[in-house]
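In: The following block contains a protein sequence and its predicted model.
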Amino acid sequence: MGFPGTWMTQSESVIYRVVPKCACSTIGQILYYSDHGHFYDGDIHDAREGLHKWNQDESQPVIEAAARERRAYAFTCVRNPYARILSSFFDKIAGIQRNGKRYRGNMVPKLARTYGVDVGSPEDGFAFDQIASFRRFLLFARDTVRFRRPMDPDIHWSAMSGHIGTFVGNGGRLDHIVHTETFGAGMRTVLDAIETPVPVDLAAVPRFNESAGHGPKRAHPVEAYFDDLSMHLVREMYKRDFDLFGYDIDDPSNKMPVREIDLHAVHAFLSE
């Protein structure tokens, strides 16, 4: 399988295992800047040069050697699962993508028919019951994650441990895991541990949110979207993520991690 979802700087200063909806656009731009001294002009996910990416054939042997031989510092980034699944809904289900279309073509119309999900439209100002529609989406997301129907889980709401597990299970080892909620401190740890061709001033780095402005704004605090049933569905999908990455499974209002990540436990569990 190799190392899908893995990026590395061309200078081989650092390896990053991408986890969707966990500041990946900002991290990718930081890595790009650390080699070139400027940010990529566009969505970093579209960049075909300036970064090694596993989905580019010519990058695979370079990434594989660096990961397996552990000759480059490796890290990833995680996010509170309650906030992450909610962000996935507003970006990929309720939002319009950069190409002006709905995500994955007919998926949203199918959700409307089979799960009763209503996400409005740009024409009506995205006027819909956000809480009711999100909770119906959660049923769909749970079905994809637990039962792989009516489709396999999308990368934007499949478990973070699953993404990271491919890196660890195939012979990679992480030196650090950044919490999105303490992003500045986490990325400081990464940058302090490596040598980059270009110094990075984290305080001057903008947040690159490529989904901003393409859909409805969240109208309520995170916890308003989760009743008892919704929390049960989230536990079904992401209990391993809560346990491994130190988040509070019982309180959607508490986005902050409640304990440090035990890297040894993460590697032991994900390499099984």
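Out: Thanks, I have it. Note that the coordinates shown come from a computational prediction; the quantities given were computed from them, not determined experimentally.
In: Going by C-alpha atoms from here, please, whenever you check contacts or count neighbours.
Out: Will do.
In: residue nearest the centroid of the chain?
Out: Pro20 (2.3 Å; C-alpha atoms, centre = their mean).
In: quick one, phi/psi of that one?
Out: The phi/psi pair for Pro20 (degrees, to the nearest 10) reads phi -60, psi 140.
In: remind me which residues of the stretch 151-272 of the chain are low pLDDT?
Out: The model of the stretch 151-272 of the chain has pLDDT under 70 over residues 210-213.
In: hmm, back to that, where's the nearest residue to the residue nearest to the centre of the chain once chain neighbours are set aside relative to Tyr115, distance?
Out: Closest residue in space to Pro20, ignoring its immediate chain neighbours: His156 at 5.3 Å, by C-alpha to C-alpha, 6 or more residues apart in numbering. Distance of His156 to Tyr115, computed by C-alpha to C-alpha, to the nearest Å: 19 Å.
In: for Asp35, same thing?
Out: Using C-alpha to C-alpha, Asp35 is found at 46 Å from Tyr115.
In: Repeat that for Gly28.
Out: Noted for Gly28: a distance of 35 Å to Tyr115, by C-alpha to C-alpha.
In: Sheet partners, orientation included, of the longest strand anywhere in the chain?
Out: Determined from DSSP state E, the single longest strand within the chain is strand 73-78. Partners of strand 73-78 in the sheet, by DSSP bridges, are strand 14-17 (parallel), strand 176-179 (parallel).
In: can you redo those as JSON lines with mean neighbour count?
Out: Output for the strands paired with strand 73-78, formatted as JSON lines (neighbours: other C-alpha atoms under 10 Å):
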{"stretch": "strand 14-17", "mean neighbour count": "25"}
{"stretch": "strand 176-179", "mean neighbour count": "22"}
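In: Pipe those strands into TSV and attach distance to Ile44 per row.
Out: Compiled in TSV, these are given as follows (distance: least, C-alpha to C-alpha, whole Å):
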stretch	distance to Ile44
strand 14-17	13
strand 176-179	19
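In: Which of those sits closest to Arg149?
Out: With C-alpha to C-alpha, the closest approach to Arg149 among the strands paired with strand 73-78 belongs to strand 14-17: 26.6 Å.
In: pLDDT (mean, whole number) over that closest one?
Out: When pLDDT is averaged over strand 14-17, the result is 98.
In: what distance separates it from the centre of its chain?
Out: Averaging C-alpha positions (C-alpha atoms, centre = their mean, to the nearest Å) puts strand 14-17 14 Å from its chain's average.
In: cool, and stretch 264-272?
Out: The answer for stretch 264-272 is 20 Å, by C-alpha atoms, centre = their mean.
In: do you know how far Pro109 is from Asp91?
Out: Taken as C-alpha to C-alpha, the span from Pro109 to Asp91 is 16 Å.
In: of these two, who's got more company?
Out: Counted by other C-alpha atoms under 10 Å, Pro109 and Asp91 do not tie: Asp91 has more neighbours, with 24 against 16.
In: tell me which element Leu174 falls in.
Out: Taking DSSP states H and E as the criterion, no element holds Leu174; it sits outside all helices and strands.
In: How about the contacts made by it?
Out: When contacts are counted by C-alpha atoms under 8 Å, 6 or more residues apart in numbering, Leu174 touches 73-76, 168, 263.
In: again, 7 Å this time
Out: Listed by C-alpha atoms under 7 Å, 6 or more residues apart in numbering, the contact partners of Leu174 are 74-75.
In: do Gly37 as well
Out: Counting by C-alpha under 7 Å, 6+ apart, Gly37 touches Val198.
In: Find me the pLDDT at it, would you?
Out: Reported pLDDT for Gly37: 97.
In: Please report how far it lies from Gln29.
Out: To Gln29, Gly37 is 10 Å away according to C-alpha to C-alpha.
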